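*Asks:* return a 3D structure for these sequence lines:
(one chain, ligands or ions: 1)
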Amino acid sequence: MTYETVLVDRQDHVVTITLNRPAALNAQNNPMRRELFGVFADLRQDEDVRAIVVTGAGERAFSAGADIKEFLEPPVPTRFREQRKRLDYRGEMDRCPQPIIAAIRGFALGGGLELALACDIRIAAEDAQLGLTEVNLGIIPGGGGTQRLPRVVGRGKALEMILTGARMTADEALRIGLVERVVPVALLIPAALALARAMADKAPIALRYAKEAVVSGLGMSLADGLRLENDLSTLLRTTEDRVEGARAFVEKRKPKWSGQ
Ligand code: COA
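*Replies:* Okay, here's the model as predicted:
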């Protein structure tokens, strides 16, 4: 399938989504939001896809946020609820059982950083500049930024970033835990793909349950989270892949996962 604003590339079990409006620094307009909604809605139901990488086309940006030029157009009226819903692609990302890795080069500002925050793991190139810059435009982050950022970097740092609208470097982002890794620009995509492949190489059901235990557990009390972990790990004991994993270890070979 071809899209107007994104590129979708599939290699074995790994899908790479590239935001593709480089002339506008990959700013997210409504067509891009709708396409991202459709792409993630499809991917989350595709059991053959085991890991997803999100990145931006061109040399300058992951995404410079919402398309500011659209701010001057009338918004989609509330009565078109279905249309409005299809602009919130991040809900579909939240429902993805696969790990999603953001590969950030250049600017990740406003909705661009919010997109990266909706990913599970963030890798930045050395030239990355990150910030929730909405207050500079008289608005606040509306794509999850006020909620996801403090959960990643803590209340004080999130408030500092959101209330000043300032940008930070990749090194600073690494220091505060906003990104997991910083790599030279040329190694960004190879590093993200290598990480995605390392995950995609694991038993598919174990991979999904491990993500579910961590992500869902973070929204629960410790006791409820431990119960969830116990339930999921008990369910996994019934899989063929669990037997295959142990057998491959004993036979000193690579496991062949059936996904059952
Ligand atoms: N929406 C729409 N277009 C955008 C954009 C955005 N968020 N960010 C950049 N662009 C466009 C510019 O309008 C310009 O297009 P043009 O050549 O047709 O004029 C092109 O991308 C290049 O951007 P430019 O501003 O010329 O590059 P720069 O190097 O001088 O500055 C930024 C780069 C990222 C600092 C600057 O573009 C910027 O501040 N963008 C807005 C970031 C932001 O506040 N995002 C949050 C939105 S809620």
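
*Asks:* figure out how far stretch 12-28 is from the centre of its chain.
*Replies:* The chain centre lies 12 Å from the centre of stretch 12-28; the measure is Cα atoms, centre = their mean, to the nearest Å.

*Asks:* now the helix or strand of the chain with the lowest mean pLDDT - C-alpha only, PDB.
*Replies:* Among the helices and strands of the chain, helix 81-85 carries the lowest confidence by mean pLDDT, DSSP states H and E, at a mean of 77. C-alpha atoms of helix 81-85 as PDB (Å, rounded to 0.1, in the frame of the first residue of the first chain):
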ATOM      1  CA  ARG A  81     -16.600  12.500  15.600                       C
ATOM      2  CA  GLU A  82     -15.400   9.600  13.500                       C
ATOM      3  CA  GLN A  83     -13.200  11.800  11.400                       C
ATOM      4  CA  ARG A  84     -11.700  13.500  14.500                       C
ATOM      5  CA  LYS A  85     -11.000  10.100  16.100                       C
END
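
*Asks:* tell me the residues of the stretch 1-150 of the chain that contact the ligand?
*Replies:* Contact residues (Cβ under 6 Å from any ligand atom) of the stretch 1-150 of the chain with the ligand: 24-25, 27, 64-69, 107, 109-111, 133-134, 136-137. Heads up, the C-betas are built off the backbone N, CA and C, glycines and all.

*Asks:* which residues touch whichever residue of the stretch 51-200 of the chain sits closest to the ligand?
*Replies:* Per Cβ to the nearest ligand atom, Gly110 is where the stretch 51-200 of the chain lies closest to the ligand, at 2.5 Å. When contacts are counted by Cβ atoms under 8 Å, 6 or more residues apart in numbering, Gly110 touches 64-66, 131-134, 141, 145.

*Asks:* at 10 Å what do you get?
*Replies:* The contact partners of Gly110, by Cβ atoms under 10 Å, 6 or more residues apart in numbering, come to 27-28, 63-66, 68, 131-134, 136-137, 139, 141-143, 145, 165.

*Asks:* and the closest residue to it other than its chain neighbours, what does it touch?
*Replies:* Nearest residue to Gly110, sequence neighbours excluded (Cβ to Cβ, 6 or more residues apart in numbering): Gly65, at 2.7 Å. By Cβ under 10 Å, 6+ apart, the contact set of Gly65 is 25-28, 107-115, 131-134, 137, 141, 143, 145.

*Asks:* mind redoing it with 7 Å?
*Replies:* 27-28, 109-112, 133 (Cβ atoms under 7 Å, 6 or more residues apart in numbering).

*Asks:* same question for Phe80.
*Replies:* Per Cβ under 7 Å, 6+ apart, neighbours of Phe80: none.

*Asks:* what residues of stretch 114-128 count as buried?
*Replies:* For stretch 114-128, the neighbour count (16 or more other Cβ atoms under 10 Å) marks 114-125, 127-128 as buried.

*Asks:* what does stretch 156-174 give?
*Replies:* 157-158, 161-162, 165, 167-168, 170, 172-174.

*Asks:* repeat for stretch 135-150
*Replies:* Residues of stretch 135-150 classed as buried: 141, 143-146, 148-150 (neighbour count, 16+ other Cβ under 10 Å).

*Asks:* rewinding a little: now list the buried members of the residues of the stretch 1-150 of the chain next to the ligand.
*Replies:* Buried subset of those (neighbour count, 16+ other Cβ under 10 Å): 24-25, 27, 64-67, 107, 109-111, 133-134.

*Asks:* which ones among those are found in helices?
*Replies:* Judged by DSSP state H, those include Gly111 as members of helices.

*Asks:* Ala158 contacts Leu149, correct?
*Replies:* Yes - the criterion here is Cβ atoms under 7 Å, and Ala158 meets it with Leu149 at 4.2 Å.

*Asks:* tell me the SS of Ile123?
*Replies:* Per DSSP: H, G, I helix; E, B strand; the rest coil, the local secondary structure of Ile123 is strand.
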